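# Okay, structure incoming, though there's no sequence with it:
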């Protein structure tokens, strides 16, 4: 019915992989180079171009009521194409006529698929958030808000502009990912205290971290919910934050409570 994403396949490839700020460049930076997304090649029929394949589906997506309608229709077409096995994750950019139930995107938790409404499909923040679910990250909340933590990608305080999204992950998610595990410290407060130096992820990226410096400190709790401490500087790869939250969260050590993969983290405080 003539409904399609706004951007061309070439533009979408740039927005995901090669612009100055993309999901791929930011994940590489936030992970200290340990997680790299690259475009899949085209398979034997060269149907994938720079990581993108155009798909025309045979259903009217104006009458769809879930994001799964979009990727299921696309998968039905892709099953008849030889796209090879060079891809690990699949991102579906859906026309804005698809009903996402008020959400801008969807990511399978622990899976390989993410779906986006067209108007948000080129946003580095939204792409990173949904792919975060693939990586088994749950949301980052504060108080009664499931998305209330503005210090990382898995919260919901964002600008969907394609030039906005220089953010990484909060203390709990960074610990879970293990990207800086050489600079983790665990403290059991019943029998020890913490004396050390906490640096932010930008210090690591710039080579300004010493062997004994920490990026994340975990304070072990008597129950299953521990506390995680991390410094958030408003610069470099973490230079974006909604203005309303800068005075409270930026250039401070932020604290989250979290227990295990499968539950959201909760921001509970800050240290100046």
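Perfect, thanks for sending it. Computed from a prediction, not measured in an experiment: that's the story for all the values here.

# where's residue 23 relative to residue 249, distance?
23 Å (Cβ to Cβ, to the nearest Å). Heads up, the C-betas are built off the backbone N, CA and C, glycines and all.

# what ranges do the helices span in the stretch 151-272 of the chain?
Here the stretch 151-272 of the chain has its helices, by DSSP state H, counting those that start in this stretch, at 171-177, 201-205, 246-249.

# Would you format those as TSV with mean neighbour count included?
What follows is the helices of the stretch 151-272 of the chain, written out as TSV (neighbours: other Cβ atoms under 10 Å):
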stretch	mean neighbour count
helix 171-177	25
helix 201-205	20
helix 246-249	14
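
# With mean pLDDT and distance to residue 131 as new columns, can those helices be given to me in JSON lines?
Below are these laid out as JSON lines (pLDDT from 0 to 100; distance: least, Cβ to Cβ, whole Å):
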{"stretch": "helix 171-177", "mean pLDDT": "97", "distance to residue 131": "12"}
{"stretch": "helix 201-205", "mean pLDDT": "95", "distance to residue 131": "18"}
{"stretch": "helix 246-249", "mean pLDDT": "95", "distance to residue 131": "23"}
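
# mind putting these in JSON lines, distance to residue 71 included?
Formatted as JSON lines, the helices of the stretch 151-272 of the chain follow (distance: least, Cβ to Cβ, whole Å):
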{"stretch": "helix 171-177", "distance to residue 71": "25"}
{"stretch": "helix 201-205", "distance to residue 71": "32"}
{"stretch": "helix 246-249", "distance to residue 71": "35"}
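
# Run a quick neighbour tally on the closest residue to residue 123 other than its chain neighbours.
The shortest distance from residue 123 to any non-neighbouring residue, by Cβ to Cβ, 6 or more residues apart in numbering, is to residue 160 (4.3 Å). Neighbour count for residue 160, taken as other Cβ atoms under 10 Å: 17.

# gap between residue 129 and residue 190?
36 Å.

# Have a look at these two and say which one is more surrounded.
residue 129 (28 against 7).

# hang on, the more buried one in a strand?
No - according to DSSP: H, G, I helix; E, B strand; the rest coil, residue 129 belongs to no strand; its state is helix.

# Surely it touches residue 147?
No - with contact defined as Cβ atoms under 8 Å, residue 129 does not reach residue 147; the gap is 9.3 Å.

# OK, contacts around residue 46?
When contacts are counted by Cβ atoms under 8 Å, 6 or more residues apart in numbering, residue 46 touches no other residue.

# so what's in contact with residue 129 and residue 147 at the same time?
With Cβ under 8 Å, 6+ apart as the test, residue 129 and residue 147 both reach residue 156.

# tell me the SS of residue 70?
helix.

# and it, how many neighbours does it have?
Neighbours of residue 70 (other Cβ under 10 Å): 26.

# Number the residues from 38 up from this point.
Fine by me, first position is 38 from now on; the one you just mentioned is residue 107.

# Quick one: residues contacting it.
98, 101, 129, 131-132, 135, 152 are the contacts of residue 107 under Cβ under 8 Å, 6+ apart.

# ok, of the residues you listed, which one's closest to residue 218?
residue 152 (31.4 Å; Cβ to Cβ).

# picking up where we left off before, ok now do the residue nearest to residue 160, which residues does it touch?
Taking Cβ under 8 Å, 6+ apart, one finds 141, 156-157, 160, 162-163 in contact with residue 197.

# Same check on residue 189?
Residue 189 touches 177, 204-207, 210, counting by Cβ under 8 Å, 6+ apart.

# Looking at the helices of the stretch 188-309 of the chain, spot the one closest to residue 261.
Nearest to residue 261, of those and by Cβ to Cβ, is helix 208-214 at 13.0 Å.

# name the helices or strands packed onto the closest one?
strand 253-256, strand 263-269, strand 289-295 (3 or more Cβ pairs under 8 Å, 6 or more residues apart in numbering; DSSP states H and E).
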